[in-house]
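A.B. asks: Model the following, please.
(chains A and B)
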Amino acid sequence: MKKLEKTIKKRYYFFMLTIGIIIVSGVIVIDNSINSQNDDAHILNISGKQRYLSQGIDNQIFIIDRNKNKLSISDDLNKLKGLTNEFELSKRYLFTNNLKNGKNKIIDSLFKVLEPFHNKIVNSSRAILNNPEEGVIKKSLETISEAKNPFLITMEIIVNTYEKEAGIKQRKLKNTILFLAIISAIILIGEFLFVLMPAFKQLFQKNEKILEANNELSLSQNKIKANMLELTKLKTDLEIKEAYNKIFIEQAPTAIAMLDNNMCYMAVSQRWITDYKMEGREIIGSSHYDLFPEIGNEWKENHKKCLNGAIDVCDEALFPRADGSIQWIFWDVRPWYISEGNIGGLIMYTGDITHIKEKDQEKARIEKILESTNKVARIGTWELDLATDKYTLSNITCEILKVPEGFEAYSKESLYFYKEGKSRNKIIKSIKDLIEAGTSFDIELEMITLEGDTVWVRKIGQAEYNEGKCERLFGIFQDITSIKKAEQELYKVNADLKAIFNSGPIAIVSTDNNGIIKHFNHGAELLLGYSASEMVGLKEPEIYHSEEELVNFKDDIAKKYGKDPNGFNPYLELAQHDEYDTREWTYSRKNGSTFPVQLTLTAIKNDLGDKIGFLGVSYDISETKKNRDELLRKNQLLNFAEDITMMGHWQWDTVADKVIWSNNLYKIFELDEETINLKFNSYFDFVHPDDKQIVTDYFERAANDKKFHRFTHRIITTTGKIKTVQLLGEVFTNAKGEVIEMIGTGQDITQQKMAENKFRGLLESAPDAMVIVDGKGKIQLINKQAEKLFGYSAKELLEKPVEILIPERFTSNHKYMAFRDNFLSNPETRGMGHGKLLFGINKSGKEIPTQISLSPLQTEEGLLVSAAIRDITEQKLAERKIIEAKERLEVLANKLTNQNTQLADFAHITSHNLRAPVSNLNSLLDLYNVSESEEDKVILFEKFEKVIHHLTATLNTLVEAIKTKKDGSQIEDVSFDETLDKTKEILAAKIIKTGAIITNDFSKVNKISYNKIYLESIFLNLLENAIKYRSEERVPEIFIESEIEDGKIKIKFQDNGMGIDLERHGHKLFGLNKVFHRHPEAKGVGLFMAKVQIETMGGAISASSEVNKGTIFNINFN
Amino acid sequence: MRNPFNICIVDDDEIYQFTVIKTIESLKLEKKILVFSDGEEAFSFMLDNIKKEHELPDIILLDINMPIMDGFQFMDEYVKIKPNLDKKIVIYMVSSSVDPIDIQRAKNIFDVSDYIIKPINPGELKTIIQELHENVR
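C.D. replies: Here you go, the predicted model:
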């Protein structure tokens, strides 16, 4: 603040100083201007006076002129003199003034104009003065009047100029003042602000501070509000506390009473009421002495003392009550204060110690009992003197450790009593801790007694210190073996129980009396698919039971206890009888599927034996049930099977000679099933007398070999029937290898035996040879026909491989083996060797054509194959004859077909090859008919000639072809090389010309029975073609080769010529007049003729060719 | 310029060629006669002039039996190039064959207008050519 004041003060001084300066400068300026104005006014005045003076001078002179005759002239002259002087002085003043104050050029020039007029006036006036004569006066007057006017005018101008100047000056002054005023004002305002700035600053700061203060204020206001609230709360609390205090007293577990100054009750604890048996009485407000009339004056006196501030405490006192009973009580009575020194009443704290008094007596008794219990509980003591390192043990301790009484042990040795490992480590650590840190211990240890038994011991240890040094250890030693054992047992049982409860397959569900589920274990969750959370407390087990079973259960239990099922509660009944029920139930899972369970229902009872719920323990017996069912089913099946197979089983305890038979065995022997005490002989008696030896032998053998071999024998049943029985069995021995038991089956195979006999008969009567072979291909049985066919006896073939009956050339074939294996692995009735001739071979090695059909026969011994074999020698002969006849017919048919084709060819030839020239002739003839010029006719004739020539050639070819067909029968032996030579001779010119190389190979066959002319013609045509259609690029090479295949002679003409596109021309290759090259000599006759000739002789010709490579003609002469 | 009327004879029989040419000449038409001895020659010519409309024939008298390429083979090839031809060509198959198989086969070819059995009647030939000639004009 002071700083501000100082600043303001400083600034104020400066402000004031400035104001002073402004005023002073203003005064100076104004003063200056006033002076100047005065000067100006003076000058103006003088100037004006000058005019007046000039006129005065003029007037004076005039007066003088008029008064020249008078005496008074001198006055007038004086006056004039005065005027003139003044006039002169003024003029000088003005002059100098003008010079002094900076020459005004205008005024200056005006003065120069004025000067002469002025001088004239002055000089005239002076002249008068000097000489006041008439003339002079007159002259002067004249001069003056002359000069007067211009003077006046000039003077006036001067005055005006002065005035003007003064005006300018005035304006200037005005502007200056205005300027000064503005500047001053600006400076003053600026300084004013400058002075006030710190003040403003301070003001803003102050404002902010005030705002802050305001905020703080509102904050503190809130705090105050909160404090107020707290205060109110405290007040309420206080009130509540007061109430609580009352409640506290009322509910205190001890007997407390609060009384006012008048000994009337204000509050009393429940205990008080019970202690003093005041239940149901109005206490609050009642007087203490009204409630306890038995209180004597002595106590009342004490109360009064207390009301004055004393405290009355009594540990025990007898309180004879008004009803005659006696109570031992203690009390603590003291005043309570409303405020300091202001007693509000008394608080009484009493206790009924009647029963404590009684207990004291009891305590003595108990101590006695305890002592004896110690013995029973096998609690001993131990002591270790650290100075001597020696143990002192009590008798019981010795007993526990099974050491003699008074046994002494040093600490090191004593360690051996502790079981090595956990227990020993534990005791070492505990003793160490006890000695070093004084940590007492109470541990359970496993110990080994002197006799080597294991005992569990509870050892408690404490240390005794003397001057900070541990001197003695001592403690208790208790045999807890039995406890430990029980504990372990319990633990195990608990664990078992827990395991059972949590185990998967056992569902444990308990319900309360309302049937609502209380427990639903993990097993139940697993089995039923419900979760415990959705079942416990919500559902009844009925949810997964079937209604029908529940009804059945109810009826069942009702029946059991002879009750009416209507309104009957089976659970309650069970609980009443303290019984449980175990039976099979069917549960439905959450997903609806069902499964069988074994459920045991038990009532749960509390300590008092009241039923509080039901416990159901169930486990899934699907598997068990399945197995059981399976067993039942199998047993049934076995019985059934035994029944069907007429088989029974037996069990013979060879040591005790006790035999057990199955029902079926009884049936087979037609023995009454009631017959018991069966022995081996009971069986042996049934054996057919003829077979007794066999049976004895067999059983002896079984006993020796320890192996039972299958065998059959006959029996005579109780009804005298003879049956064949097959026995199978197994021998059991003990560790010493002695036979102790035999078990086995006995099957009635009488019918089978008969069937076998029948089968044999059937086999023998079969018309075909029958060979029966087992799965390994060994012959098992053959019939008489087979013996006859193959020449072997049945015995000779038994167990021989079937291949003995098949020629080796077939059996060595891998196809045969494949067939055999295939048949054996996939047996079914089938014929053998479809379409192929099969052969058997007899004993003498002769092959027999046969027909074989195979059929599998599944028997108890495995797969048998029966082969029916038929001798088809005669059949084969007949067949061959038919085939031959057929083949002949086929040849005939072929020939006919051939001739047909040839006929068709001829039809084609006549249709085209003959029609064309004929039609040409017709056309030419038409032309000829219309031709007019001789020239044309000549040309036409040439054409006619051509056509006729062509026609003739064609007809010749045809005639030749037809002739060929006729001459086909002239056959002789022709050799190929001779024919070729002859052909080469004919073609010699062409061969030489073309340089053709003709080679041949007739080594395989060189002769053929053929029409010689044809063969020559064929050779000529083919060879000529080969040369004619040679390639221009190559020397023709022709190769002719003969061969024989399947008895047929073939010949091949191969060239390297132009070749033919057979795809395009193949179909007309051998046609008459068909040409494929633009060869001038191509006529289409050669191949046609060759074909006709070959086909006439029953052969065939074909060609293969590749363009620009060559052609091969194959002739099959047949 | 008007296209010339082109008549094409494909036949290996020179007498036939001669008689047909004579017959056509007697018609005194403004025409050009092309003669080929087998199908391949004719086809090569067609290929060479495929875009020359005025060179291609208006009518072809096609023989069946010819060396190298016969009438049917020619037709097989002709069908392939036909879409590329700018000219409509009338084809008659002419043969001395009276084999019904040949006749049927020829008539089954879409592009063959008719089958004419040799000897070709001069009057018939004239009618065909004249009619066609009129149509083309």
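A.B. asks: Give me the spatial nearest neighbour of A:Ser1017, chain neighbours excluded.
C.D. replies: In space, and not counting its chain neighbours, A:Ser1017 is closest to A:Gln1093: 5.9 Å by Cβ to Cβ, 6 or more residues apart in numbering or on different chains. Every C-beta, even on glycine, is put in place using the N, C-alpha and C of the backbone.
A.B. asks: For that neighbour, pull up the helix or strand it's in.
C.D. replies: Element membership of A:Gln1093, judged by DSSP states H and E, is helix A:1086-1096.
A.B. asks: Just the CA trace of that helix, in PDB.
C.D. replies: Extracted in PDB, the C-alpha atoms of helix A:1086-1096 (Å, rounded to 0.1, in the frame of the first residue of the first chain):
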ATOM      1  CA  GLY A1086      -4.300-104.400-114.200                       C
ATOM      2  CA  LEU A1087      -5.400-104.500-110.600                       C
ATOM      3  CA  PHE A1088      -8.900-105.300-111.600                       C
ATOM      4  CA  MET A1089      -7.800-108.300-113.500                       C
ATOM      5  CA  ALA A1090      -5.400-109.400-110.800                       C
ATOM      6  CA  LYS A1091      -8.200-109.300-108.300                       C
ATOM      7  CA  VAL A1092     -10.600-111.200-110.500                       C
ATOM      8  CA  GLN A1093      -8.100-113.900-111.100                       C
ATOM      9  CA  ILE A1094      -7.100-114.300-107.400                       C
ATOM     10  CA  GLU A1095     -10.600-114.300-106.200                       C
ATOM     11  CA  THR A1096     -11.600-116.800-108.800                       C
END
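A.B. asks: got the buried residues for the very next helix or strand once past it?
C.D. replies: For helix A:1086-1096, the following helix or strand on the C-terminal side (DSSP H and E) is strand A:1100-1106. Within strand A:1100-1106, the residues scored as buried using 16 or more other Cβ atoms under 10 Å in any protein chain shown are A:Ile1101, A:Ala1103, A:Ser1105.
A.B. asks: Kindly spell out which helices and strands sit in contact with strand A:1100-1106.
C.D. replies: Strand A:1100-1106 makes packing contacts with helix A:1062-1065, helix A:1086-1096, strand A:1110-1116 when contacts are defined by 3 or more Cβ pairs under 8 Å, 6 or more residues apart in numbering or on different chains; DSSP states H and E.
A.B. asks: pretty sure A:Thr979 is in a helix, no?
C.D. replies: Yes. The assignment for A:Thr979 by DSSP: H, G, I helix; E, B strand; the rest coil puts it in a helix.
A.B. asks: need the contact list for the residue nearest to A:Ser1017.
C.D. replies: Taking Cβ atoms under 8 Å, 6 or more residues apart in numbering or on different chains as the contact definition, A:Gln1093 lies against A:Thr964, A:Asn1011, A:Tyr1014, A:Ser1017, A:Ile1018.
A.B. asks: The first one - how many residues pack around it?
C.D. replies: Neighbours of A:Thr964 under the rule other Cβ atoms under 10 Å in any protein chain shown: 20.
A.B. asks: List the contacts of it.
C.D. replies: Going by Cβ under 8 Å, 6+ apart, A:Thr964 touches A:Tyr1014, A:Met1089, A:Val1092, A:Gln1093, A:Thr1096.
A.B. asks: coming back round to it: quick check, nearest of the buried residues of strand A:1100-1106 to A:Ile311?
C.D. replies: A:Ser1105 (154.4 Å; Cβ to Cβ).
A.B. asks: Need the nearest residue in space to that closest one, chain neighbours excluded.
C.D. replies: Excluding its sequence neighbours, the residue lying closest to A:Ser1105 (Cβ to Cβ, 6+ apart) is A:Thr1111, at 3.9 Å.
A.B. asks: State the distance from the one you found to chain B.
C.D. replies: As judged by Cβ to the nearest Cβ, to the nearest Å, A:Thr1111 and chain B stand 16 Å apart.
A.B. asks: Kindly list the longest helix within the chain.
C.D. replies: I'll assume chain A. In chain A, assigned by DSSP state H, the helix with the most residues is helix A:134-251.
A.B. asks: I was thinking of chain B, sorry if that wasn't clear
C.D. replies: Assigned via DSSP H, chain B shows its longest helix as helix B:122-136.
A.B. asks: Compute the distance from the centre of that helix to the centre of its chain.
C.D. replies: 13 Å (Cα atoms, centre = their mean, to the nearest Å).
A.B. asks: cool, and stretch A:670-690?
C.D. replies: With Cα atoms, centre = their mean, you get 74 Å for stretch A:670-690.
A.B. asks: Likewise for stretch A:576-592?
C.D. replies: With Cα atoms, centre = their mean, you get 41 Å for stretch A:576-592.
A.B. asks: Check which residues of that stretch are buried.
C.D. replies: For stretch A:576-592, using 16+ other Cβ under 10 Å, the buried residues are A:Asp581, A:Trp585, A:Tyr587.
A.B. asks: hmm, back to that, which residues are contacting the longest helix of chain B?
C.D. replies: By Cβ under 8 Å, 6+ apart, the list of residues contacting helix B:122-136 reads A:923, A:926-927, B:3, B:5, B:7, B:20, B:23-24, B:26-27, B:29, B:31, B:58-59, B:90, B:92, B:116.
A.B. asks: what comes up buried for that helix?
C.D. replies: Residues B:Pro122, B:Leu125, B:Ile128, B:Ile129, B:Leu132, B:His133, B:Val136 are the ones in helix B:122-136 that count as buried (16+ other Cβ under 10 Å).
A.B. asks: cool, and stretch A:387-400?
C.D. replies: Quick answer for stretch A:387-400 (16+ other Cβ under 10 Å): A:Tyr391, A:Thr392, A:Leu393, A:Ser394, A:Ile396, A:Thr397, A:Cys398, A:Glu399, A:Ile400.
A.B. asks: for stretch A:822-830, same thing?
C.D. replies: A:Phe823, A:Leu824, A:Pro827.
A.B. asks: And the pLDDT at the closest residue to the first one other than its chain neighbours?
C.D. replies: Taking Cβ to Cβ, 6+ apart, and ignoring the residues beside it in sequence, A:Phe823 has A:Leu854 as its nearest neighbour in space, at 6.5 Å. We have a pLDDT of 81 for A:Leu854.
A.B. asks: List phi and psi for A:Leu854.
C.D. replies: A:Leu854 has phi and psi values of phi -110, psi 140 when expressed as degrees, to the nearest 10.
A.B. asks: Pretty sure it sits against A:Leu863.
C.D. replies: No. Counting by Cβ atoms under 8 Å, A:Leu854 stays clear of A:Leu863, with 11.5 Å between them.
A.B. asks: what secondary structure does the spatially closest residue to A:Pro293 that is not a sequence neighbour sit in?
C.D. replies: In space, and not counting its chain neighbours, A:Pro293 is closest to A:Ala322: 5.7 Å by Cβ to Cβ, 6+ apart. The three-state assignment at A:Ala322 reads coil, by three-state DSSP.
A.B. asks: Residues contacting the helix or strand harbouring A:Trp328, please?
C.D. replies: Using DSSP H and E, A:Trp328 falls within strand A:326-339. Residues from elsewhere that reach strand A:326-339, judged by Cβ under 8 Å, 6+ apart: A:258, A:275, A:302-303, A:306-321, A:343-354, A:356-357.
A.B. asks: Narrow the residues you listed to those in strands?
C.D. replies: Taking DSSP state E, the ones among the contacts of strand A:326-339 that sit in strands are A:258, A:312-320, A:343-352.
A.B. asks: list the contacts for A:Ile948?
C.D. replies: A:Ile948 sits next to A:Pro917, A:Leu921 when contact means Cβ under 8 Å, 6+ apart.
A.B. asks: State whether it is indeed within a helix.
C.D. replies: Yes. Applying three-state DSSP, one finds A:Ile948 inside a helix.
A.B. asks: what about the residue lying closest to A:Thr154 once chain neighbours are set aside, how many neighbours?
C.D. replies: Nearest residue to A:Thr154, sequence neighbours excluded (Cβ to Cβ, 6+ apart): A:Leu114, at 4.6 Å. A:Leu114: 22 surrounding residues under other Cβ under 10 Å.
A.B. asks: how far away is A:Leu114 from A:Lys139?
C.D. replies: 22 Å (Cβ to Cβ, to the nearest Å).
A.B. asks: No more questions from me, cheers.
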